[in-house]
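[1] curious how this folds, go ahead:
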Amino acid sequence: MVGIITSEEALAMAEEQELDLVKISPNAVPPVCKIMDYGKFRFDQLKKEKEAKKNQHVVEVKEIRMSPGIDTNDLNTKMRNAMKFLKDGNRVKVTVRFRGREMAHTEIGEELLIRFSDGCAEAANLDKKPKLDGRHMSIFLSPKSAK
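    Below is the predicted model:
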């Protein structure tokens, strides 16, 4: 039934059908109401929210640490791990830690990070250029969007 009726009539109709009278848009003039089973409505709404929460993916930042003197095979292993993290949809923070006299040759770490990002270029975008922060130089890689 479509039309304008008084709230008393609507409440009587809802009680007659053993259902609830629910305001859909209370700020409208006149307010819009609907006769429904409110308990079932809330149950279905909570079920949909739970399902949506279950399907969402939380992006994590995975960290890979290296030193400037890393060997080729070790670097390749760390690149494979980074590719796996990126394919799962996570961001990767790649860090080079300088110890002692290694601080005098930060350009080695920068070259290493650039080589690492070039190795992961098919699955990742480089967010920022290598940045030195104290004794650590790092970059962030984010997964390429699937098109």
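
[2] residue ranges with poor pLDDT in this structure?
    Low-confidence regions of the chain, defined by pLDDT under 70, span residues 1-2, 146-147.

[3] give me that answer again for 50
    The chain contains residues with pLDDT under 50 at 147.

[4] distance of Gly134 relative to His57?
    Between Gly134 and His57 the distance is 32 Å, computed by C-beta to C-beta, to the nearest Å. Just so you know, the C-beta spots here come from the backbone N, C-alpha and C atoms, and that holds for glycine as well.

[5] nope, Val92 is what I meant
    The gap separating Val92 from His57 is 16 Å, by C-beta to C-beta.

[6] what does Asp71 give?
    Relative to His57, and taking C-beta to C-beta, Asp71 is found at 34 Å.

[7] of Val92 and His57, which one has the most company?
    Legend: neighbour count by other C-beta atoms under 10 Å for Val92 and His57, higher for Val92 (27 against 8).

[8] so which strand or helix has the more buried one?
    strand 91-97 (DSSP states H and E).
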